[in-house]
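Just the structure for this:
(2 chains)
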Amino acid sequence: MSERESELQERREEQVRQRAAELLKSGNVGGILALRRIQDHVVPCLFSEIDDLASLDISTRYAVAGVAERLLRMAGEDRLGIVARGCGERHLIELAKKKSIDITRIEIIGLACTESEARECHCVKPYPGRVDAGESIGDVDFADHEALASLLEMNISERRRFWTEIFNRCIKCFGCRNSCPLCNCDDCRLEEARWVRVGEIPPEYPSFHLIRAVHLADKCIGCTVCERACPMGIPLSKLHQLIRQDMKRLFGYEAGLSVDEKSPLLTDLDKGPLEVTTGEL
Amino acid sequence: MNYDTFLSVCPYCGCGCGLYLEVVDGHLVGTMPSGTHPISQGSLCIKGWSAHEFVESDARLTKPLWKRGANLEPTDWETALYFVAEKLRSVQERYGPDAIGFLSSAKCTNEENYVLMKFARAVIGTNNIDHCARLCHAPTVVGLAEAFGSGAMTNSIPDLEQASCILITGSNTSENHPMVASRILEAREKGSYILIVDPRRIHLAYYADLYVQPKLGSDVAWINGLMNIIIEKGWFDREFVRNRTENFQALKEKVADYTPERVAELTGIEPGLLGVMARAYALAPSSAIIYTLGITEHVTGTDNVLSLANLAMLCGQVGKPGSGINPLRGQNNVQGACDMGSLPDFYTGYQKVADPESRAKFEEAWGVALPTRPGLTVVEMIDEAARGRIKALYVMGENPMLSDPDINHVKQAMSNLELLVVQDIFMNETADMATVVFPAQSFAERDGTITSTDRRVQRIRKAIEPIGMAKTDWQIISELAGLLGSKGFRYPHSKEIFSEITRLTPSYAGIEYSRLDRGTIQWPCPSKDHPGTEYLHKESFTRGKGKFTPVDWKPPNESPDEEYPMFLTTGRVHFHYHTGTMTRRSPTLNREMASGAVDINPEDADTLGIKEKDMVKVTSRRGEVKIRARITNSVPPGVVFIPFNFKESAANALTNPARDPIAKIPEFKVCAVKLEKAQPRG
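Numbers count the residues shown, from 1 in each chain, chains lettered A, B, ... in the order given. Sure, this is the predicted structure:
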């Protein structure tokens, strides 16, 4: 990290701490969910004392929306402050859409990502709705278009070969599911022997991976946390990116933008098939 | 509302992944990988992700138990501790200290292993202490000590990414050391040549540049064959051999007998393939060898390890980044348990019991006279118990009734004992037979250090209060020591035990808790300003010059015959750990795999009329098990595989207790069996 970057980092951290302290002082939240530095380790933590905020850290990324969901469920009426980047906020919005959380019980401390952070995650919207720390660099396009294009250029048998080779690396750790705040169904199909044979690695191809991909089609906000959790280097975020592109092309839909927006895939099928609104199937 | 996370280390395999235990209002609710940890790097395998699941299980032992008539009944700590202290004292007085044996645990911390080792030696006065390393990597400790002077993994897990060739043998890496497999795939992306030699077509074989399937128990033959080609072709590292090794001439003469044609006959590996393997390993700028129990669990385990060491030295593939001999240790703290002297012939840091100088050092530190003769190994203790010469056995966190070979023999030995003390977190097959059972704390309830496979010392941290009345293993032993009149066990916290360890152990001398709070440290770390050691034997070997030990191939102790026409080999599966006491109580893991299966090649299944999921009876000279069939090409014709994780289909009812003459490891990996379709019940 350059001197300028680390200065910026410190300033952002200070801004987050200030806002967190204000919230705690106001008594409006029961605690602040954020990351904490303990010597060389960074751990997710719930801050409830202003004095502890000195150890608050923003250098690493963990998806903590799943933790927030659990805490809100256990915390009765308490409200919660959460330090969230653009992706963190979009996680919370999607959870609210699913009615997994009541977003009115959350105070977001918005953290804008730097350009290099955004590049690292192939991000397109590296800022939350409300920015308390850092400066928003606005909408960007850091998607790896070259890699995506090369995937799309493959013919069907090349694709099959490529993805078979990739997915066969899987050791069924469930890290992609466990790390994703939005892959949180009460009954996970990936655990059901009827869909995916149990006790085998690699898990059945393509059912394991494609069930997951399809289930997240209208939820994935592109945070790349699944790919970072994969010990076997499976490029999951590219797969999700392609699906997100299709969702946008076909239905003009993007996950994570607003609680009021409804997924076009939600239908009881009584009213006929899904309607493609903007693109061609 | 209270949410906290505690950095700890996964309690399963030797990779040593850093993970956070998530605690809400005093209860464990989840596990999260550490993104800043050098091994896990934000990932875990399914066992790691499930590490919290067994901790608060209803089945946890919460009270001391003692045998009343035929049953184990709850009692209080005072009664149980007095009873055990009294019994130990009386056995010691009547039969002498060597009538008592101790099994330490590779699941316990360094501090706990140290305290039990000290208790056995300083309080009871016996060197009869050993642990399950005997059943996994004893040949590594012996073989690599002989060749290099140090019996540990030479390089590091992160270092594997730098290897230009990786030879994997007798290790089902992606199932049993997933984070190492992760590095292997990383290395492959960077162009590393992946060479896998294994009788089973393992998951990782799909990603090998070359996969070779040798006959079971033929390791020395193919390794000698490689060396023969390498010497003949002049592919060996002349300078390394000249400057850094001794006894090359003897090796050269020995391996000359292993012509490709003869090796093909012994191993089933085609002569041409052998040449490709030799070239790939010898000529790569850096080649790393990875192995596990497929190499060690043989009557020739030590020979197998010596052969790999010979190969690495011959090619100068040791003592530099991306190279070395990398035994992957099974348990999360099996390296530490060995380092701590939970071995019958060593104090901490491999200081020899038989060496008067080392002994004097520990006598002075502990203020007592210590026994001079090395003690008995795990398997010997069981034998001596069967013969009536071991009268009391103290088992801390082990389950020999499922993990040791020839279980029927173990059972007979156990029932001979006057006192069997078991200290564990769950009831298990061994605890069922105990006189007294002490409830111990799990990894989530205690502080301490563990040493993972690449000599990496790291901290585990107390995340929740103890379950029931459970105490830490070191507290239990310390209280017993106090009752037996010893004053050397008054430790306020595990930290003080660790300080005592570092004072007595040169390779740990520079490590302290405050340093470990900042990150992991790999031994040797001789001083406070030493950063630790990523790879061993850089300038010279621990013993000075590396020593070639020529060895000849010997057949397995038991080979198929008319009555028992097939080979059985055993191992672990991805979703369970060892005897399953923890994993089978973890809902996620149990859901994946609730019972074991025998792997049978389709050809054999056809001949025997066995179909997928049929119940099969597998019989050896020592016992029989009934188990479901899984038809798979991962085993070659003539070989079946049974995991040893499941008590209802215990592979070790079948295995052969014949052992390596030096390391005393039993031959878990090869025995002869017969298979038949089981008669339907009814």
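
When you work out contacts or count neighbours from here on, use the C-alpha atoms and nothing else.
Noted.

give the contact list for B:Phe102.
Applying Cα atoms under 8 Å, 6 or more residues apart in numbering or on different chains, we find B:Phe102 in contact with B:Ala120, B:Asn128, B:Ile129, B:Asp130, B:Leu393, B:Tyr394, B:Val395, B:Met396.

Off-centre distance for whichever strand or helix holds it?
Assessed by DSSP states H and E, B:Phe102 sits inside strand B:100-103. In this view, strand B:100-103 has its centroid 19 Å away from the chain centroid, taken as Cα atoms, centre = their mean, to the nearest Å.

What pairs with that strand, parallel or antiparallel?
Strand B:100-103 pairs in its sheet with strand B:129-130 (parallel), strand B:392-396 (parallel), by DSSP bridges.

Tell me which of these sits most buried.
Comparing the strands paired with strand B:100-103 by mean neighbour count (mean count of other Cα atoms under 10 Å in any protein chain shown), strand B:129-130 ranks first with a mean of 29.

re earlier: output the contacting helices and strands for the helix or strand following the strand holding B:Phe102.
As assigned by DSSP H and E, the chain's next helix or strand after strand B:100-103 is helix B:110-118. If you count contacts as 3 or more Cα pairs under 8 Å, 6 or more residues apart in numbering or on different chains; DSSP states H and E, helix B:110-118 packs onto helix B:334-339, strand B:448-452, helix B:473-483, helix B:494-504.

Just list the residues touching the closest residue to chain B within the stretch 51-200 of chain A, thanks.
Closest residue of the stretch 51-200 of chain A to chain B, Cα to the nearest Cα: A:Cys173 (4.0 Å). A:Cys173 sits next to B:Leu44, B:Cys45, B:Ile46, B:Lys47, B:Trp49 when contact means Cα under 8 Å, 6+ apart.

Farthest pair within the contacts of B:Phe102?
Maximum pairwise distance among the contacts of B:Phe102 (Cα to Cα): 13.6 Å, between B:Asn128 and B:Met396.

all helices in the stretch 401-550 of chain B, in order from the N-terminus.
Listed in chain order, the helices found in the stretch 401-550 of chain B under DSSP state H, counting those that start in this stretch are B:407-415, B:473-483, B:494-504, B:513-516.

Which of these sits closest to chain A?
helix B:513-516 (9.7 Å).

what's around the residue of the stretch 1-150 of chain A found nearest chain B, how many residues?
Of all residues in the stretch 1-150 of chain A, A:Asp40 sits closest to chain B, at 5.0 Å by Cα to the nearest Cα. Look at A:Asp40: counted by other Cα atoms under 10 Å in any protein chain shown, it has 12 neighbours.

related to what we said a few turns ago, can you tell me which of the contacts of B:Phe102 is closest to chain A?
For the contacts of B:Phe102, the nearest to chain A is B:Met396 (30.2 Å; Cα to the nearest Cα).

mind checking pLDDT for the closest one?
The model reports B:Met396 with a pLDDT of 96.

if I pick it, what's in contact with it?
B:Met396 touches B:Phe102, B:Leu103, B:Ser104, B:Ser105, B:Val422, B:Gln423, B:Asp424, B:Asp473, counting by Cα under 8 Å, 6+ apart.

which one of those residues has the most neighbours?
For the contacts of B:Met396, neighbours tallied by other Cα under 10 Å; top is B:Ser104, 30 neighbours.

Quick check: phi and psi at it.
Main-chain dihedrals, B:Ser104, degrees, to the nearest 10: phi -90, psi -180.

Make sure it is actually in contact with B:Ile129.
Yes - under the criterion of Cα atoms under 8 Å, B:Ser104 makes contact with B:Ile129 at 6.9 Å.

In space, what's closest to residue 47 - neighbours in sequence excluded?
Here I'm looking at chain A. A:Ile32 (4.9 Å; Cα to Cα, 6 or more residues apart in numbering or on different chains).

hmm, I had chain B in mind actually
B:Phe575 (6.7 Å).

so how many other residues sit close to that neighbour?
By other Cα under 10 Å, neighbour count at B:Phe575 equals 27.
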